[in-house]
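>>> Below: sequence and its predicted model.
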Amino acid sequence: MSDTTTEPSPTGDAAEAVLTIRDLRTFFQTDGHVVKAVDGVSFSVRRGETLGVVGESGSGKSVACLSALRLVPSPPAFHPSGEIRFQGRDLLRLPEQEIEALRGNRLAMIFQDPMTSLNPYLRVARQLTEVLEVHRGATPAAARQEAIAMLERVGIPDAGRRIDQYPHQFSGGMRQRVMIAMALLCQPEVLLADEPTTALDVTVQAQILELIAELQASLGTAVVLVTHDLGVVAGTADRVVVMYAGRIVEEGPTGELFADPQHPYTRGLLASMPRIDTPPTGHLEAIAGLPPDLGHLPTGCAFHPRCPLASDRCRREEPPVVAVSAEHRAACFEAEAGG
Amino acid sequence: MIGSILRRLLELVPTILVIVLASFALVRLAPGSPFSSEKEIPPEVRRQLDAKYGFDKPLPVQFLRYLGNLARGDLGLSTKYPQRTVNEIIAAGFPVTLTLAAVALVWSLLVGITAGIIGAVRQNTVWDHAAMAAALVGISIPSFVLGPLLVLVVSLRWHLLPPAGWGDWRHVILPGLTLGTIYAASIARLTRGGMLEVVRSDFIRTARAKGLSERLVIWRHMLKGGLLPVVSYLGPAIASMLTGSVVVEKIFNVPGIGPYFVDAAFNRDYFLVMGIVLLYAFFLLVMNLVVDITYSLLDPRIESS
C-alpha cells in the first residue's frame, strides 16, 4: 500500500491527471428513501489546472468534493462507490489512517463559510501549526515559523502578532485567507475549493480568487473550484464541469463551453447571468422551475421538466453523452456531435 | 481581568444583603418560635431566653444587630444547641461535606463526561443508547434507593467498605458515589447535547479535512465548545454539593452540614437556618462568578466585561 508512484492512466486525456474521479456515487438515506446526491460523476484534474464545477444548490457539486476526501458523514450517507485515483491509489478503498495522512497534506480543502469553518475556540496559531505537526512531525517552534510565513504569503499583515488571535478577530476575507494558508501549508497536489468566495464581499472575492491563482501558479497545485457563480469560473477555470441533479450534464474547456454551450441547462445558466456588455432588457433571465427533489427524480433526463426543448424521448430515456469536440461533451439528445 | 473579577465580587454585596433580608423575613414569618414545644415553658424562663437571643427587641433592631454581627463574621447562637455558635456548627460539619463533595464531583465529571462523549461521538449506536439509558436510570433513581442498594451489595455482601460512619477514606467512597451519580447522569446528558451541537459544525469538518485523527478532533476541537453547557450546570451543582445532601449524609450517617438544612428549619433554629442559607447563597453566587470566568476562558468570543 506504500506505492506512491503515479500509475499511468488508461485514458489518454487524463494522462497527466493528478486526481481522477470515475463513476462516483454518493447516496444518502433519508426518511425511508434514497437521495442520489452524486450519481455517476467522472472528472479529472491535471497538475496546475483549475477545474470549475458549476451547478445550482443541490446539484451534488459539494458532495462530490467531500466524497473525494471521504468527508461525507456516514450515516446518513452510504459509503461512496466508484473510484477516486490519486497517486496510483483509490481513495475510496484506503484504510481510515491512510486517508487521514493524505487529507490536509496531499489533498486539501477549503470551504464556503470562513466564519464557521475555523474553530472559534482555538487560536489561529494552533489551527495552523497542528497541520504541520501532524503531517510533517514539525516541532512547535518550526511549525509556528512556517505558519507565520504562510500567513504573510496569503497577505495577512502583521502575521507574527495576528497568528495569536482568535478567528473572530479577523474579517471574513482575512479568515478565508487563513483557511487558504491552512490548506496550502503542506503544499498539496490538489486543492478542493468549495464555494470559497460565496460568503465574501464582491471586492474581496476577486482578491481571494487572485490569491488562489497566484499560489496555484507557484506551487503547481491542481484546483477544483466548486461554485454556482459562472463569473468566477469564467475568470479562473481552464475547464468546466456543469452538474445537474447529481450528474454531469456538460463539460469542456471554459472558452469553448461559454462560446458554444450545448446543454439547455448550461445555456440557461449562461443566459441568467446579467451581462454588462449588452443593454439591459428590463428583466433578469431565469431557468423556469426549481431544482428537482433528489429523492424523487423525474424519469429520463432529469432536466426535462424545466427544459424548453424537452420532447417525449427526453421524458422516457436518459440522454447519451455526446462528444461535441475532443474535450467538450454534453449529455443531451439535442447536442451536436462533432470533433 | 483581575479588576473585573474584583468588581464582580463587590457587586455580590447588595445581592447578599437582599438574601439576608429575605431569609430573615421568611424565617420570622414562619409560625412558631425556637422555644415553642409540647411542654409549656414558664413565662420567666421564656423572658430570659428571649433576652439572651435578643428576641425581646423589635424586629428591625434584631435585623440590624444580625447585620452587624454578620459583618464581623458572627452568625449568632444556635437555639437548639445552646452551647454552640452557628459558626462552630458549620466549622465542624463543613470539612466533612467538602470531602464528600470533592469525591462526588470527581466521580460525576469522570463518569458524566466520558459517557456524554461516547454518546455524542457514537450517536445512535448501541454505545450511545447504553450510555443514555444509564444516564436516565441515574437521573431517575433517588439517592435514598441508590445509597442503601450500594450498602447492601458493597458493604453487606462483599464486605469491601463500611456501610456508614465517618473516619478514613473508606467511609467517603459510598456516599461520594451515591451523591455523584445523580450529577453524573445530568452531566452525561449535557455533555452529549453540547458535543452534538459541535459535532456537525463546519469547523469540525475543517478539522477532519486537515487530516487530524479522530482523537485529536474530539479532544482538541470538540471538547472546549461541547463542554460549555456542562460548565454552566456545574456552578449551581457544585454549590449544592458543597452545602451537603440531607439524604446522603443521613443515610451514611456522615457528620456534614446537610442535615442541619432541614433540622434547623424544623426546630425554628433561626440563626442556624440563616447561617446555612447564607452559606449556600454565597457558594451559589461565587460559583456563578467562577462559571462566567470559565466561560470567557473557554470561549474567546465572550469578553469578560
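Ah, there it is.
>>> Output the contacting helices and strands for the helix or strand in which residue B:100 is found.
Element membership of residue B:100, judged by DSSP states H and E, is helix B:86-121. Packing contacts for helix B:86-121, counted by 3 or more C-beta pairs under 8 Å, 6 or more residues apart in numbering or on different chains; DSSP states H and E, involve helix B:126-140, helix B:170-199, helix B:223-226, helix B:228-242, helix B:246-251, helix B:258-266, helix B:270-298. The C-beta positions use only the backbone N, C-alpha and C, and glycine is treated the same way.
>>> Only the buried residues of the last one, if you could.
Of the residues in helix B:270-298, those buried under the neighbour-count criterion (16 or more other C-beta atoms under 10 Å in any protein chain shown) are B:270-292, B:294, B:296.
>>> Same check on the shortest one?
The neighbour-count criterion (16+ other C-beta under 10 Å) identifies B:223, B:224, B:225, B:226 as the buried residues of helix B:223-226.
>>> ok, now which ones touch residue B:46?
residue B:35 (C-beta atoms under 8 Å, 6 or more residues apart in numbering or on different chains).
>>> I'd like the distance between it and chain A.
To chain A, residue B:46 is 63 Å away according to C-beta to the nearest C-beta, to the nearest Å.
>>> Is the residue minimising distance to the centre of chain A bridged to anything, and to what?
The centre of chain A sits closest to residue A:226, judged by C-alpha atoms, centre = their mean, with a distance of 3.3 Å. Counting by DSSP bridges, residue A:226 is bridged to residue A:53, residue A:194.
>>> how about it, what does it touch?
Residue A:226 touches A:53, A:61, A:62, A:64, A:65, A:192, A:193, A:194, A:195, counting by C-beta under 8 Å, 6+ apart.
>>> got any ranges where the stretch 101-250 of chain B has weak pLDDT?
Applying pLDDT under 70 to the stretch 101-250 of chain B flags residues B:244.
>>> what residues does it put near chain A?
B:124, B:200-203, B:205-213, B:216, B:220-221, B:224-225 (C-beta under 8 Å from any C-beta of the partner chain).
>>> again, only this time at 6 Å
Residues of the stretch 101-250 of chain B lying close to chain A (C-beta under 6 Å from any C-beta of the partner chain) are B:202, B:203, B:206, B:208, B:209, B:210, B:211, B:221, B:224, B:225.
>>> Please check those residues and keep the buried ones.
B:202, B:203, B:206, B:208, B:209, B:210, B:211, B:221, B:224, B:225.
>>> Name the nearest residue to the first one, sequence neighbours excluded.
It stands for residue B:202. Leaving aside its chain neighbours, residue B:202 sits nearest to residue A:116 (4.0 Å; criterion: C-beta to C-beta, 6 or more residues apart in numbering or on different chains).
>>> Please report how far the one you found lies from residue A:179.
Using C-beta to C-beta, to the nearest Å, residue A:116 is found at 11 Å from residue A:179.
>>> Can you tell me the centre-most residue of chain B?
Mean-position check on chain B, C-alpha atoms, centre = their mean. Result residue B:240 at 1.4 Å.
>>> Can you tell me, leaving aside adjacent residues, what's nearest to that residue?
Nearest non-adjacent residue to residue B:240, counting by C-beta to C-beta, 6+ apart: residue B:280, 7.4 Å away.
>>> can you pull out the strands in the stretch 151-300 of chain A?
A:190-194, A:222-227, A:239-244, A:247-253 (DSSP state E, counting those that start in this stretch).
>>> tilt between the third one and strand A:222-227?
For the pair strand A:239-244 and strand A:222-227, the angle between their directions (axes from the mean of the first three to the mean of the last three C-alpha atoms, to 10 degrees) equals 40 degrees.
>>> what pLDDT, on average, does strand A:239-244 get?
For strand A:239-244, mean pLDDT is 93.
>>> Helix or strand for the residue nearest to residue B:202, just tell me which one.
helix A:114-117.
>>> now for that helix, which elements pack on it?
Packing partners of helix A:114-117 (3 or more C-beta pairs under 6 Å, 6 or more residues apart in numbering or on different chains; DSSP states H and E): helix A:172-184, helix B:202-209.
>>> Let me see the contact set for residue B:178.
B:143, B:146, B:147, B:248 (C-beta atoms under 6 Å, 6 or more residues apart in numbering or on different chains).
>>> Next, count neighbours for the first one.
The criterion is other C-beta atoms under 10 Å in any protein chain shown. On that basis, residue B:143 has 19 neighbouring residues.
>>> so it makes contact with residue B:248?
Yes: counting by C-beta atoms under 6 Å, residue B:248 is a contact partner of residue B:143 at 5.3 Å.
>>> Next up, the contacts around residue 78.
Went with chain A since none was named. Contacts of residue A:78 by C-beta under 6 Å, 6+ apart are residue A:27.
>>> wait, chain B
B:84, B:86, B:269, B:272.
>>> Also residue A:85?
Residues near residue A:85 by C-beta under 6 Å, 6+ apart: residue A:20.
>>> Residues in a beta bridge with it, which ones?
Beta-bridge partners, per DSSP bridges, of residue A:85: residue A:20, residue A:90.
>>> Tell me how far it lies from residue A:44.
8 Å.
>>> And for residue A:90?
As judged by C-beta to C-beta, residue A:90 and residue A:44 stand 14 Å apart.
>>> which phi and psi does residue A:112 have?
Backbone torsions of residue A:112, given as degrees, to the nearest 10, read phi -60, psi -50.
>>> That one against residue A:196, yeah?
No: contact criterion C-beta under 6 Å: residue A:112 and residue A:196 do not qualify, at 7.1 Å.
>>> Which of the two has more residues huddled nearby?
Of the pair residue A:112 and residue A:196, residue A:196 is the one with more neighbours under other C-beta under 10 Å, namely 29 against 20.
>>> That one - nearest residue in space that isn't next to it in sequence?
residue A:110 is the one closest to residue A:196 (C-beta to C-beta, 6+ apart), at 5.2 Å.
>>> Please give the number of neighbouring residues around that neighbour.
Residues near residue A:110, counting by other C-beta under 10 Å: 25.
>>> so is residue B:34 in a helix, a strand, or just coil?
Three-state call for residue B:34 (DSSP: H, G, I helix; E, B strand; the rest coil): coil.
>>> burial count for residue A:275?
10.
>>> any idea how far it is from residue A:23?
36 Å.
>>> From residue A:150, how far off is residue A:212?
Distance from residue A:212 to residue A:150, by C-beta to C-beta: 14 Å.
>>> right, I mislabeled it, should have said residue B:168
Taking C-beta to C-beta, one finds residue B:168 at 58 Å from residue A:150.
>>> higher neighbour count, the two?
Between residue B:168 and residue A:150, residue A:150 has the larger neighbour count (other C-beta under 10 Å), namely 25 against 8.
>>> Looking at residue A:90 and residue A:44, which one has more neighbours?
Between residue A:90 and residue A:44, counting by other C-beta under 10 Å, residue A:44 is the more crowded of the two (22 against 13).
>>> ok, residues contacting the helix or strand the more buried one falls within?
In this assignment (DSSP H and E), residue A:44 forms part of strand A:33-46. Applying C-beta under 6 Å, 6+ apart, the contact partners of strand A:33-46 are A:14, A:16-17, A:19-28, A:51, A:60, A:63-64, A:222, A:224, A:241, A:246-248, A:294-295.
>>> redo that, cut-off 7 Å
A:14, A:16-28, A:51, A:60, A:63-64, A:67, A:190, A:222, A:224, A:241, A:246-248, A:251, A:294-295, A:297 (C-beta atoms under 7 Å, 6 or more residues apart in numbering or on different chains).
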